[in-house]
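Asks: Kindly return the folded structure for what I paste below:
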Amino acid sequence: MITRFISFSLLLFSPLFGGCTVFIDDRFETIASVQPLSSDEVLLQVRALDHNLSLCNQADLFLITNTNTTVFTINEKEYILQILCFVGAYQGTYQYLWYSALQPSLKIVDFLTFQEGEEGLQLTETNILTGTAEFNDNILTVETKARALGDCGSVATYEWGEGRFSLQEYRYKAQCDGVYGQEYPLIYP
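Replies: The predicted structure is shown next:
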């Protein structure tokens with residue numbers, strides 16, 4: 001923590017007040033200074049936290065390692081952790097955590113998505129995503145393949161802001177017919 005001197009004034013003679021006056025104004029401002037952390041530093045701090053999170057539907061922190069966790073920097077105080085829960089035949093399943101280094105805290109991130117049900121696609125909330133994930137400039141894109149060719153499935157785009165991911169776009173195609181990703185029908189918005 002850095003303490004910065006804001007002002008110090010000493011007035012020895014003031015004709016407005018009829019003589020000598022001593023006026024001292026000491027004000028100090030405390031500035032929380034947090035330097036950006038490396039991925040290793042973030043992982044060390046996260047593992048040191050006492051929490052009761054069930055990561056990837058398991059009760060242990062063993063999943064937060066250098067080999068299966070990717071750290072994305074939001075700013076010098078906030079980080080998104082992408083934890084690889086497991087890998088299927090052609091895509092992974094991930095859980096995302098938000099970590100604040102300013103006041104060390106950790107939170108599982110929730111996502112709006114769609115799920116196939118008896119009445120078609122239904123909007124639902126989840127904290128585990130399956131697919132090929134890419135995170136750039138606070139935008140998370142997750143392409144989920146319904147088969148290895150990738151000509152059916154979904155593509156979801158989320159934007160990080162105000163402490164959460166908001167669904168920006170959702171494309172979905174159930175029929176496997178050789179038409180790929182960005183050409184899937186737009187479901188949301």
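Asks: phi, psi of Gly178?
Replies: phi 90, psi 0 (degrees, to the nearest 10).
Asks: phi, psi of the nearest residue to it once chain neighbours are set aside?
Replies: Once flanking residues are discounted, Gly178 sits nearest to Asp151: 5.1 Å by C-beta to C-beta, 6 or more residues apart in numbering. The C-beta positions use only the backbone N, C-alpha and C, and glycine is treated the same way. Taking degrees, to the nearest 10, you get phi -100, psi 10 for the backbone angles of Asp151.
Asks: gap between Asp151 and Pro185?
Replies: 13 Å (C-beta to C-beta, to the nearest Å).
Asks: Repeat that for Asn66.
Replies: Distance, Asn66 to Pro185, using C-beta to C-beta: 39 Å.
Asks: Ok, Gly153 next?
Replies: For Gly153, the distance to Pro185 - C-beta to C-beta - is 12 Å.
Asks: Identify the contacts common to those two.
Replies: 172-173 (C-beta atoms under 8 Å, 6 or more residues apart in numbering).
Asks: Those two: which has the busier surroundings?
Replies: More crowded of Gly153 and Pro185, by other C-beta atoms under 10 Å: Gly153, with 22 against 10.
Asks: can you pull the contacts of the closest residue to Gly92 other than its chain neighbours?
Replies: Leaving aside its sequence neighbours, Gly92 sits nearest to Leu84 (C-beta to C-beta, 6+ apart; 5.2 Å). Applying C-beta under 8 Å, 6+ apart to Leu84 gives the contacts 63, 68-69, 92-94.
Asks: what's the spacing between Leu84 and Tyr184?
Replies: According to C-beta to C-beta, Leu84 and Tyr184 sit 25 Å apart.
Asks: rewinding a little: now the common contact residues for Asp151 and Pro185.
Replies: With C-beta under 8 Å, 6+ apart, Asp151 and Pro185 have common neighbours Lys173.
Asks: ok, Ser166 - contacts?
Replies: By C-beta under 8 Å, 6+ apart, the neighbours of Ser166 are 112, 158-159.
Asks: give the contact list for the residue nearest in space to the middle of the chain.
Replies: Closest residue to the average C-alpha location of the chain: Ile80 at 3.5 Å, with C-alpha atoms, centre = their mean. Contact analysis of Ile80 by C-beta under 8 Å, 6+ apart lists 71-72, 74, 96-99, 109, 135, 160.
Asks: ok, now with 6 Å
Replies: Ile80 makes contacts with 72, 96, as judged by C-beta atoms under 6 Å, 6 or more residues apart in numbering.
Asks: Describe which strands whichever strand or helix holds it pairs with in its sheet and in which direction.
Replies: For Ile80, the element it lies in under DSSP states H and E is strand 78-87. Here strand 78-87 has these sheet partners by DSSP bridges: strand 69-73 (antiparallel), strand 92-100 (antiparallel).
Asks: Output that strand as PDB, restricted to C-alpha atoms.
Replies: C-alpha atoms of strand 78-87 as PDB (Å, rounded to 0.1, in the frame of the first residue of the first chain):
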ATOM      1  CA  GLU A  78      -9.100  -8.900 -11.900                       C
ATOM      2  CA  TYR A  79      -8.500 -12.200 -13.600                       C
ATOM      3  CA  ILE A  80     -10.600 -14.900 -15.200                       C
ATOM      4  CA  LEU A  81      -9.400 -18.500 -14.600                       C
ATOM      5  CA  GLN A  82     -10.400 -21.100 -17.200                       C
ATOM      6  CA  ILE A  83     -10.200 -24.600 -15.700                       C
ATOM      7  CA  LEU A  84     -10.200 -27.600 -17.900                       C
ATOM      8  CA  CYS A  85     -12.500 -30.100 -16.100                       C
ATOM      9  CA  PHE A  86     -12.100 -32.900 -18.600                       C
ATOM     10  CA  VAL A  87     -11.500 -33.600 -22.300                       C
END
